[in-house]
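In: the following block contains a protein sequence and its predicted model.
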Amino acid sequence: MGTTSVVTPELEAYSDSFQAKAAQEMAEDGRRPCDRQQPRPPCSALKRLAVDYGVMRERVRAAGSEETLSSQEE
């Protein structure tokens, strides 16, 4: 039986000050994230992209963690 490998890209690291600035800018924009399919004002497409990017980063981390656990079990 073959083995399956998951290759996960390295995630960019952001400094605490960069993350604080991004959080401040997001908070200053009082709009909610747009719906992906029906963006209706007032909403923020950039907030939608940021939310989706955060979810993707969590999935990459989880996939990398699962791969690390799998390789330790072998």
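Out: Everything's here; your move. Numbering: from 1, shown residues only.

In: only C-alpha atoms for contact and neighbour calcs from this point on.
Out: Fine.

In: so where's this structure shaky on pLDDT?
Out: 1-2, 67-74 (pLDDT under 70).

In: switch the cut-off to 80
Out: Within the chain, the segments meeting pLDDT under 80 span 1-6, 66-74.

In: helices of that one, start to end?
Out: 16-28, 45-73 (DSSP state H).

In: and the ones you listed: which comes nearest S5?
Out: helix 45-73 (7.2 Å; Cα to Cα).

In: what residue is smack in the middle of this structure?
Out: Nearest to the mean C-alpha position of the chain, by Cα atoms, centre = their mean, lies G54 at 2.1 Å.

In: and that residue, how far from V60?
Out: 10 Å (Cα to Cα, to the nearest Å).

In: next: Y53.
Out: The spacing between Y53 and V60, counted by Cα to Cα, is 11 Å.

In: neighbour count: these two, which is higher?
Out: Between Y53 and V60, counted using other Cα atoms under 10 Å, the more crowded position is V60 (18 against 12).

In: that one touches E12, doesn't it?
Out: No. Under the criterion of Cα atoms under 8 Å, V60 is not in contact with E12, lying 11.7 Å apart.

In: restrict stretch 36-43 to CA atoms and write it as PDB.
Out: The C-alpha trace of stretch 36-43 is given here as PDB (Å, rounded to 0.1, in the frame of the first residue of the first chain):
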ATOM      1  CA  ARG A  36     -18.600  35.900  -1.700                       C
ATOM      2  CA  GLN A  37     -21.400  35.500  -4.300                       C
ATOM      3  CA  GLN A  38     -23.600  38.600  -3.700                       C
ATOM      4  CA  PRO A  39     -21.500  41.600  -2.600                       C
ATOM      5  CA  ARG A  40     -24.000  44.200  -1.600                       C
ATOM      6  CA  PRO A  41     -23.000  47.600  -0.100                       C
ATOM      7  CA  PRO A  42     -22.100  48.500   2.500                       C
ATOM      8  CA  CYS A  43     -19.600  45.700   2.800                       C
END
